[in-house]
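Enquirer: Sequence plus the predicted model coming up.
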Number of protein chains: 2
Amino acid sequence: MADTTGTKTAGSPSGPSSEPSAAAPAGVSRRRLLGTAGAVGAGALVVGAGAGAAGAQAVGGRPDPLTSIGSTKYPFHGPRQAGIVQPAQAHAHLVAFDLAPGSGRKAAAALLRRWSATAADLMSGETPRDDDLGIALDAGPSALTVTFGFGHSFFDRTGLTDRRPAALEPLPSFSADALDPKRSDGDLWIQIGSDDALVAFHALRLLQRKAGETARLRWQMNGFNRTPGATSHPATGRNLMGQIDGTNNPKPSDAAFDKHVFVPDGRDAAAGPAEAWMAGGSYAVVRRIRMLLDSWDHLSLERQERIIGRRKSDGAPLSGGSETTPVDLQKVGPDGALAIAGDAHIRVASPASNRGAAMLRRPFSYHDGFRDDGAPDAGLLFVCWQADPMKGFVPVQRKLDRGDGLSRFLSHEASALFAVPGGCAEGEYVGQRLLEG
Amino acid sequence: MADTTGTKTAGSPSGPSSEPSAAAPAGVSRRRLLGTAGAVGAGALVVGAGAGAAGAQAVGGRPDPLTSIGSTKYPFHGPRQAGIVQPAQAHAHLVAFDLAPGSGRKAAAALLRRWSATAADLMSGETPRDDDLGIALDAGPSALTVTFGFGHSFFDRTGLTDRRPAALEPLPSFSADALDPKRSDGDLWIQIGSDDALVAFHALRLLQRKAGETARLRWQMNGFNRTPGATSHPATGRNLMGQIDGTNNPKPSDAAFDKHVFVPDGRDAAAGPAEAWMAGGSYAVVRRIRMLLDSWDHLSLERQERIIGRRKSDGAPLSGGSETTPVDLQKVGPDGALAIAGDAHIRVASPASNRGAAMLRRPFSYHDGFRDDGAPDAGLLFVCWQADPMKGFVPVQRKLDRGDGLSRFLSHEASALFAVPGGCAEGEYVGQRLLEG
């Protein structure tokens, strides 16, 4: 999963929340220690936030379940959009729209202005003035984030082809692809995340209503992660294969975090107009990856662990240590074989195997019931973030596509790539530098 | 929604949890007071549990978000099954199985024994001995409940036709029905609820695996409610139409609660063998009710409120007062018209309009994306509980079917009725009195 920091912060990636309450010491991870399963053990709560390279600030520190779940609030306005470095929420809607025929640049600008104003209200827990849907009434903002992106086709439809960044070129094909074009791509993308299902659904309904006649739904997917407080594990989560996922995600405290994840703020000078409007932005790769769970679950635990390269129980690499111990790809076991197999997922995906390529994974699980063939329609809504997909997702996926032992238990069913611009100041809207630049 | 008590208790309906910690005063509702939306206001938490007629006992009292979400635990064993009077959880899977050809009474008994043992382990937060799925590792029991029921067809397939209770006769047809038989009925039913999505999914996968060759999946649906702590509203929830739902649900503290909801424990004497095994049990009506949200959302707020009979903002009846004020069906407004319209949902559904018929509603919302026609595939997984469907769901639905102004915004897409026997003691399994009686 995608808790990228090991901390939960209510600050924006580049500044503190506008309503800090009792401040907690920076650098203290929020760790929730749960009594061991099976006993209501002694509970403990240490609240805080790490001040990482991304600029996350400590706020909160209120040991109250309501504060942490219902009233966690992220600011909409700021140099970067929310929904990238914040911990992945318990619920998500990923939704793509296509501009309606006749909707050009001007209509798109008006739409992004409406959407931005609505998102700002919703994320702050306000009910927008003309919103009588009521679905989120009584609820706090519940860590809601709303993130907007532009797909490759958006630029042609709005006469902005010359502003399309090179990094938005379509992804190459991979041999494991079984892509459904109807659930792939799209002119516009919204990622909605919240720790409450009704808050998330409300945002989806309201933003769709605000699309009016300008844009039409293309595809929509629902995802989930652990509910905050349900697990004793402080940082990473588990996917539907039962594996701890996200251990080696880059952390905002890493020196190269910003370089890997965000388009530099100062690119304006060096880059042309096709890049300048993306300063402070990021590129999101979205893949619907079905897990062949019936096949996977029939493997022995030992076989599963060899395919991943980590122990299932605690995520420790098979080269030894605990979950956070660096993986030793060279280690040889007493039998003379590599401790981490040649086709183990963590070997093939590791930055060391990919000339340092790195991306920030922030996925959600999905489960849409059962398919006609009886198999669960379930897996991962893989979302990853990088400054340049050609230095993040693409080289890693090329490697995985060829050599990953896990890949025969996965089916990539949909794919999309979006340019997610930087955030906006109050009174502005996301994408304004593109649409009015 | 279905929080039936206004309190959240970790006790079984008929006895205290086996691990009481700091006891809270009985009769003190657990109310979670959230700062008003839009401000991180002063939080407050009062934890306790009401000791109602159903015998709920106070346990817990721990003001810790992890304890309340991750470690809320309900006992599997007891005179009644869990998942009926406990607050509806944030996540649910409803799943029906049919016995495989050749699976008779003996195989069904073995299956219920396996399922009961697995459910008991999972609900206590234990990992069953032969479970290496791993999906719920690290997580607390997270309020997991697993509830088993038998459908009409089960009895013929197991040679137990003479033990089938009269109350399990198929429901009558209603004019609003547009039922899909593939998603209706079934030999066996499991209701899984948890406040964590992965805990719920894990239970689903493991119970399905335990079905082995004995039973095959017939249908499965996923539902949700608010995350505990996301809302300042203490008891009732909202549905996807934005309405507060569940205000007039019977409460365990009501004198007639047990009579309405549970088959009497002492029925053995008076009833024949077709009823005795259901002592302490209940009948669950399950309806997949799609909401025509696009039509609904286009109505004015005033029109919506007239159709329901309550204010959307706070659930107060249009006859005056606050949410919990008794509805005055006779009240006439200054314009000479009834305050609660003749076809208002709360009038037609009220016990006063149905000769006292009452049921315990405990629904979940659902949202399965969008249909081919562009409408949201979303609505209510309506689950209601009663001692006799002919004195609960059936008369109320007959009334609604004819006179409810809300019904033209709803489509009943699936329907099922299950006999849910009483609980079992340790070493026994659910349904044992039927299958070995």
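Expert: That came through fine. Numbers count the residues shown, from 1 in each chain, chains lettered A, B, ... in the order given.

Enquirer: Residue A:302 - how many residues pack around it?
Expert: Residue A:302 is flanked by 10 other residues according to other CB atoms under 10 Å in any protein chain shown. Every residue, glycine included, has its C-beta placed from N, CA and C.

Enquirer: Going by contacts, tell me the helices and strands next to the one helix or strand it maps to.
Expert: Assigning secondary structure by DSSP states H and E places residue A:302 in helix A:301-308. Contact here means 3 or more CB pairs under 8 Å, 6 or more residues apart in numbering or on different chains; DSSP states H and E; on that basis helix A:301-308 packs against helix A:345-348.

Enquirer: ok now whichever helix or strand comes after the helix it packs on, how far from the chain's centre?
Expert: The C-terminal neighbour of helix A:345-348 among helices and strands, as given by DSSP H and E, is strand A:360-361. Centroid separation between strand A:360-361 and its chain, computed with CA atoms, centre = their mean, to the nearest Å, is 7 Å.

Enquirer: follow-up on the earlier one: quick check: buried residues in the helix holding residue A:302?
Expert: A:304-308 (16 or more other CB atoms under 10 Å in any protein chain shown).

Enquirer: mind listing what residue A:328 touches?
Expert: Contact partners of residue A:328, counting by CB atoms under 8 Å, 6 or more residues apart in numbering or on different chains, are A:317, A:319-320, A:339-340.

Enquirer: From those residues, list the buried ones, please.
Expert: Neighbour-count burial (16+ other CB under 10 Å) applied to the contacts of residue A:328 gives A:317, A:319, A:339-340.

Enquirer: mind putting those residues in a markdown table, distance to residue B:74 included?
Expert: Output for those, formatted as a markdown table (distance: CB to CB, whole Å):
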| residue | distance to residue B:74 |
| --- | --- |
| A:317 | 37 |
| A:319 | 41 |
| A:339 | 42 |
| A:340 | 41 |
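
Enquirer: tell me which of these is nearest to residue B:194?
Expert: Of all these, the one sitting nearest residue B:194 is residue A:317; the distance, using CB to CB, is 30.3 Å.

Enquirer: what about residue A:322, how many neighbours?
Expert: Counted with other CB under 10 Å, the burial measure for residue A:322 works out to 10 neighbours.

Enquirer: Could you verify my assumption that it touches residue A:311?
Expert: No: between residue A:322 and residue A:311 there is no contact, the gap being 9.6 Å when judged by CB atoms under 8 Å.

Enquirer: Let me see the backbone angles for residue A:216.
Expert: The phi and psi torsions at residue A:216 (degrees, to the nearest 10) take the values phi -120, psi 140.

Enquirer: for it, which residues make a bridge with it?
Expert: On the basis of DSSP bridges, residue A:216 is bridged to residue A:98.

Enquirer: Model confidence for it, exactly?
Expert: Residue A:216 carries a pLDDT score of 96 in this model.

Enquirer: How about the contacts made by it?
Expert: Residues touching residue A:216, when contacts are defined by CB under 8 Å, 6+ apart, comprise A:97-98, A:100, B:374.

Enquirer: separation between it and residue A:367?
Expert: Residue A:216 sits 26 Å away from residue A:367, taking CB to CB, to the nearest Å as the criterion.

Enquirer: Same question for residue A:122.
Expert: Between residue A:122 and residue A:367 the distance is 25 Å, computed by CB to CB.

Enquirer: what ranges do the helices span in the stretch 101-250 of chain A?
Expert: Under the criterion DSSP state H, counting those that start in this stretch, the stretch 101-250 of chain A carries helices at the ranges A:105-123, A:152-157, A:197-211.

Enquirer: Quick check: which of these is buried the most?
Expert: Most buried of those, by mean neighbour count (mean count of other CB atoms under 10 Å in any protein chain shown): helix A:197-211, with a mean of 24.

Enquirer: What mean pLDDT does that one get?
Expert: Confidence over helix A:197-211 (mean pLDDT, whole number) is 97.

Enquirer: what do you get for stretch A:141-152?
Expert: 98.

Enquirer: Any regions of the stretch 251-400 of chain A where pLDDT drops low?
Expert: Residues of the stretch 251-400 of chain A meeting the criterion pLDDT under 70: A:266-274.

Enquirer: same deal with the stretch 51-200 of chain A?
Expert: Residue ranges of the stretch 51-200 of chain A with pLDDT under 70: A:51-67.

Enquirer: Where does it get nearest to chain B, which residue?
Expert: Among residues of the stretch 51-200 of chain A, the one nearest chain B by CB to the nearest CB turns out to be residue A:134. It sits 2.7 Å away.

Enquirer: any idea how far the residue sitting nearest the centre point of chain A lies from residue A:286?
Expert: The residue at the geometric middle of chain A, judged as the C-alpha nearest the mean C-alpha position with CA atoms, centre = their mean, is residue A:362 (3.0 Å). As defined by CB to CB, residue A:362 lies at a distance of 11 Å from residue A:286.

Enquirer: where do the contact lists of those two overlap?
Expert: Each of residue A:383 lies in contact with both residue A:362 and residue A:286 under the rule CB under 8 Å, 6+ apart.

Enquirer: Give me the neighbour count for the closest residue to chain B within the stretch 201-350 of chain A.
Expert: Using CB to the nearest CB, the point where the stretch 201-350 of chain A gets nearest to chain B is residue A:242, with a distance of 2.7 Å. For residue A:242, the number of neighbouring residues by other CB under 10 Å comes to 25.

Enquirer: Chain neighbours aside, what residue packs nearest to it?
Expert: Leaving aside its chain neighbours, residue A:242 sits nearest to residue B:134 (2.7 Å; criterion: CB to CB, 6 or more residues apart in numbering or on different chains).
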